[in-house]
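S.K.: predicted coordinates and the sequence they were generated for:
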Amino acid sequence: MLRFPARGNRNGHAYRSGLVLLTILIMVWLGLLSENPLLTLAVFLLVPLLTLLLWKPGEPPVLLFAIGMQWLQVAMLVLYADILQVSVETRSTSDYLTEAIGYSLLGLVVLAAGMRLAQGRWIARDHNEPLLARWSMQKVWKTYLTAFVIGILFQSVAFRYSQLTQILLVLFNIKWVVFFALAFLVAYRREGYLLLLTAIVLEVLIGFTGFFSGYKQVFFVLIIAFLSARPRLKRSEVLLVGVMGLVLVFMSLFWTSIKMDYRDYVSQGSGKQVVARSFAERVTWMSGALTDLNSKKLIDSMDDFAERVAYVEYFSWVLRHVPRAVPYEDGKLWGGAVVHILTPRLIFPGKEDLLSDTKKTAKYTGLNLGRRVNTSISTGYMAESYIDFGFPLMYVPIFLLGLLLGGIYRFFMSRRTDYLVNAGSAMVVLLGAIYFETNIAKMLGGTIMAFIVMALLLKYVVPVIEPKFYRRRVRV
């Protein structure tokens, strides 16, 4: 929520409510005047609805951010088509794009309803100044640096041992709990900005020089931490969040413009998802690409960026192909995902690998994806739910998924450990469910594994190490 200038204690609430209502009316007006009035209207109205369901000041907006990222992926083609003043159907060769967007928007409402139901009553703990004062920013900073180095080591060996890959990736992500605490304390106390900036630079540098675009995560955590620490934003703080978003968009456009050439360079033309160049070589290549960047390259990459963020086109091809050419699977995909989770590779080392995302997408869309290299193409969990059950039964497992994610959030936020640890733990687990294109098996498996590891750490490790983050003498 925004904190607007005071208009007196008696009418302040009415003033804010009136401003929210005016904003909604403006959204309706803009939607009706657009080239895609019904879709744009639905996209706009979902924003206040999802916010009302999933965020209350005093609680970290983890669930809202998770579903907000998916909303962006569904809404992107509609908003981009409106900017270009064309029908959204012109942005795809599929004639089922409008249906795919409509099904997806409804699915997000169903997912949010499941999350909200599982949350139960609001369980926020107000930011307690004496408790937050216990935290030593210097100790958090030193712990972050340690976690950063250890995380790189975990990430470098995670895929060498397939039985331990998921566990090692969760351990790699523990550093984000510490980064969340650091960013929260900086935003809350309005000090330590240099420490936070250094951490951001480290994360962006490592993320940008990997094979995939790993730079986004740091901005995601930053936004969640900032909104958690300062839920009632002043106009200047709204501007700061906007600047974060613009920086992220710029970096995403830059990455879009160079990613094919960069991946070919770091893999030495092997066509494999590997990094065969040294860190120094990668940094040098990136520096040269940044020097050569110009406005034309950024503008040319906007179309590709919009299509990459918008992940509903494959769903539209699924609607065209299933059940016309391929029958509904009657729960095969969801059932296979559950079986895959219940047979961990650590205990069942001989279990078969799941069908690759690209092959699965080709099967259920009818598209020829054989020439795609250096990438993995998924239809996403929403489309897979449709493949299993069709419309409208597809929304049953999506609602159950919402219950699971909301229940995980409630579990962490109701622990007796510190607010910063609880919120950071919930964030680490639920950020695995923010992408619309994630398939069922990866979303369920990754989320459940992350939940188990973080829950165990919260019970047995955190109570021992948490006091080490506190200052020695604090008057409470």
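M.R.: Looks like it came in fine.
S.K.: could you use CA atoms for every contact and neighbour count after this?
M.R.: Will do.
S.K.: can you tell me the SS state at Val326?
M.R.: coil (DSSP: H, G, I helix; E, B strand; the rest coil).
S.K.: what sits against it?
M.R.: If you count contacts by C-alpha atoms under 8 Å, 6 or more residues apart in numbering, Val326 has them with Tyr364.
S.K.: next one: the one 10 residues further on
M.R.: Contacts were defined as C-alpha under 8 Å, 6+ apart; by that measure Gly336 touches Ala441.
S.K.: any idea which helix or strand carries it?
M.R.: Remark: Gly336 resides in helix 332-342, with elements defined by DSSP states H and E.
S.K.: off-centre distance for that helix?
M.R.: Using C-alpha atoms, centre = their mean, to the nearest Å, the distance from the centre of helix 332-342 to the centre of the chain it belongs to is 23 Å.
S.K.: stretch 142-156 now?
M.R.: Here stretch 142-156 shows a centroid-to-chain-centroid distance of 21 Å under the convention C-alpha atoms, centre = their mean.
S.K.: any idea of the mean pLDDT for it?
M.R.: Here the mean pLDDT over stretch 142-156 is 81, rounded to a whole number.
S.K.: same question, stretch 85-105
M.R.: For stretch 85-105, the mean pLDDT works out to 89.
S.K.: list the buried residues in that stretch.
M.R.: Neighbour-count burial for stretch 85-105, counted by 16 or more other C-alpha atoms under 10 Å, picks out 87-89, 91, 94, 96-98, 100-105.
S.K.: next: stretch 440-456.
M.R.: For stretch 440-456, the buried set under the neighbour-count rule, 16+ other C-alpha under 10 Å, comprises 440-451, 453-455.
S.K.: which residues are in contact with stretch 297-306?
M.R.: 76-77, 80, 252-254, 256-257.
S.K.: what's the following helix or strand after the longest helix along the chain?
M.R.: Ranked by residue count under DSSP state H, the longest helix found in the chain is helix 235-266. Downstream of helix 235-266, the first helix or strand assigned by DSSP H and E is helix 279-291.
S.K.: how far off helix 235-266 does the next helix or strand after that following helix point, in degrees?
M.R.: Counting by DSSP H and E, the element after helix 279-291 in chain order, helix or strand, is helix 295-309. Inter-element angle recorded for helix 295-309 and helix 235-266: 90 degrees (by axes from the mean of the first three to the mean of the last three C-alpha atoms, to 10 degrees).
S.K.: still on that earlier bit, now, which of the contacts of stretch 297-306 sits nearest Pro323?
M.R.: Top of the list for closeness to Pro323, among the contacts of stretch 297-306 and by C-alpha to C-alpha, is Leu77 at 25.1 Å.
S.K.: tell me the predicted confidence for the closest one.
M.R.: Confidence at Leu77, expressed as pLDDT, is 89.
S.K.: CA atoms only for the one helix or strand it maps to, dumped as PDB, please.
M.R.: With elements taken from DSSP H and E, the one containing Leu77 is helix 62-84. Backbone C-alpha positions of helix 62-84 (Å, rounded to 0.1, in the frame of the first residue of the first chain) are rendered in PDB as follows:
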ATOM      1  CA  VAL A  62       6.100 -13.400  -1.300                       C
ATOM      2  CA  LEU A  63       2.900 -15.000  -2.600                       C
ATOM      3  CA  LEU A  64       1.900 -11.800  -4.400                       C
ATOM      4  CA  PHE A  65       5.300 -11.500  -6.100                       C
ATOM      5  CA  ALA A  66       5.200 -15.200  -7.100                       C
ATOM      6  CA  ILE A  67       1.800 -14.800  -8.800                       C
ATOM      7  CA  GLY A  68       2.600 -11.300 -10.000                       C
ATOM      8  CA  MET A  69       5.500 -12.600 -12.100                       C
ATOM      9  CA  GLN A  70       3.200 -15.100 -13.700                       C
ATOM     10  CA  TRP A  71       0.600 -12.400 -14.300                       C
ATOM     11  CA  LEU A  72       3.300 -10.400 -16.100                       C
ATOM     12  CA  GLN A  73       4.100 -13.400 -18.300                       C
ATOM     13  CA  VAL A  74       0.400 -13.800 -19.200                       C
ATOM     14  CA  ALA A  75      -0.200 -10.100 -19.600                       C
ATOM     15  CA  MET A  76       2.900  -9.100 -21.600                       C
ATOM     16  CA  LEU A  77       1.600  -9.900 -25.100                       C
ATOM     17  CA  VAL A  78      -1.700  -8.000 -24.400                       C
ATOM     18  CA  LEU A  79       0.100  -4.900 -23.100                       C
ATOM     19  CA  TYR A  80       2.700  -5.000 -25.800                       C
ATOM     20  CA  ALA A  81       0.000  -5.300 -28.500                       C
ATOM     21  CA  ASP A  82      -1.800  -2.400 -26.900                       C
ATOM     22  CA  ILE A  83       1.400  -0.300 -27.100                       C
ATOM     23  CA  LEU A  84       1.800  -1.200 -30.800                       C
END
